[in-house]
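[1] Sequence and predicted structure below; questions after.
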Amino acid sequence: QLVESGGGLVKPGGSLRLSCAASGFTFNSYGMNWVRQAPGKGLEWVSFISASSNYISYTESLRGRITISRDNAKNSLYLQMNSLRAEDTAVYFCARDRQEYLGTYFDLWGQGALVTVSS
Amino acid sequence: QPVLTQPPSVSGAPGQSVTISCTGSSSNIGAGYAVHWYQQLPGTAPKLLIYLNTNRPSGVPDRFSGSKSGTSASLAITGLQAEDEADYFCQSYDRSLNAVFGGGTKLTV
């Protein structure tokens, strides 16, 4: 399973670090993602990190303000978010990546961490 | 704006069938990338429902089926049950955008 933590209320311009603890599978064999969902809205892919951290990608709208990382020894995934804006308010899900020749999909999701950006 | 287009809502009576469409473009679905579907029950995380266009993960009833043609895909649900009431999202891969989602379709039973 995947369990997120670290969400909360933060002021505009502030920072937050989300964590995702993995269990029940070989964490260091899978790429991982962050996906977010603004209140009442759809899903938006945020970032991907490969199993060995040698490949990282970000959605263009957040590039420069977020950093994804992982610690395979601790079976944990992280998302550092800086310069937060009101429009970053969302539930942030971590999701396990399944790469196939025909594209990628997400076969295991955490319960989500709510990030609220407000003064 | 979501990259993939879905109808905002569909509805059906118990026992009936519904279909949810997902329309993309030549840089995602039309480029040959597979379509995947997720079910999100109220207040919960998304759950993988269909992967690689037509495949069901273990535990997903065969009432759920997926198909793909050209730049579009569809999710069909037969024998509707009350517990099927949820939001459904399609997802694919885009050459320039990485993973992309549809805006979601709310199914009312």
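    Cool, the structure landed.

[2] Around the residue lying closest to residue B:6 once chain neighbours are set aside, how many other residues sit close by?
    Among residues not flanking residue B:6 along the chain, residue B:102 sits closest, at 3.9 Å (CB to CB, 6 or more residues apart in numbering or on different chains). For every residue, glycine as well, the C-beta is placed using N, CA and C. A count of nearby residues for residue B:102, using other CB atoms under 10 Å in any protein chain shown, gives 27.

[3] Counting neighbours, what do you get for residue B:42?
    8.

[4] residue contacts, the residue nearest to residue B:6?
    Neighbouring residues of residue B:102 by CB atoms under 8 Å, 6 or more residues apart in numbering or on different chains: A:42, B:2, B:3, B:4, B:5, B:6, B:22, B:89, B:90, B:91.

[5] roughly how far apart are the fifth one and residue A:26?
    Going back to what we said before, that points to residue B:5. Note on residue B:5: its distance to residue A:26, by CB to CB, to the nearest Å, is 37 Å.

[6] higher neighbour count, the two?
    Taking neighbours as other CB under 10 Å, residue B:5 and residue A:26 compare with residue B:5 leading, 15 against 10.

[7] for that one, what are its contacts?
    Applying CB under 8 Å, 6+ apart, the residues contacting residue B:5 are B:21, B:22, B:23, B:24, B:102, B:103.

[8] Turn those residues into TSV, including secondary structure and pLDDT.
    As requested, the contacts of residue B:5 are exported to TSV (DSSP: H, G, I helix; E, B strand; the rest coil; pLDDT from 0 to 100):
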residue	secondary structure	pLDDT
B:21	strand	98
B:22	strand	98
B:23	strand	97
B:24	coil	96
B:102	strand	97
B:103	coil	97
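
[9] Residues of chain A that sit close to chain B?
    A:33, A:35, A:42-45, A:48, A:57, A:59-60, A:93, A:98, A:100, A:102-112 (CB under 8 Å from any CB of the partner chain).

[10] Now restrict the residues you listed to buried residues only.
    A:33, A:35, A:42-45, A:48, A:57, A:59, A:93, A:98, A:102-106, A:108-110, A:112 (16 or more other CB atoms under 10 Å in any protein chain shown).

[11] residue closest to the middle of chain A?
    The residue lying closest to the centre of chain A (CA atoms, centre = their mean) is residue A:34, at 2.5 Å.

[12] List the beta-bridge partners for that residue.
    Here residue A:34 sits in beta bridges with residue A:47, residue A:94, going by DSSP bridges.

[13] Next one: it from chain B, what distance?
    According to CB to the nearest CB, to the nearest Å, residue A:34 stands 11 Å off from chain B.

[14] I figured that residue hits residue A:90, correct?
    No - look at residue A:34 against residue A:90 with CB atoms under 8 Å: they stay out of range, at 10.3 Å.

[15] The closest residue to chain A within chain B: helix or strand, and which one exactly?
    Residue nearest to chain A within chain B (CB to the nearest CB): residue B:93, separated by 3.4 Å. Counting by DSSP states H and E, the element that carries residue B:93 is strand B:86-94.

[16] just for chain A, where's the confidence low?
    Regions of chain A meeting the criterion pLDDT under 70 are absent.

[17] from it, which residue is nearest to chain B?
    Taking CB to the nearest CB, chain A has residue A:103 as its residue nearest chain B, at 3.4 Å.

[18] Got phi/psi on that residue?
    phi 120, psi -180 (degrees, to the nearest 10).

[19] Tell me who's in contact with residue B:54.
    When contacts are counted by CB under 8 Å, 6+ apart, residue B:54 touches B:65, B:66, B:67, B:68.
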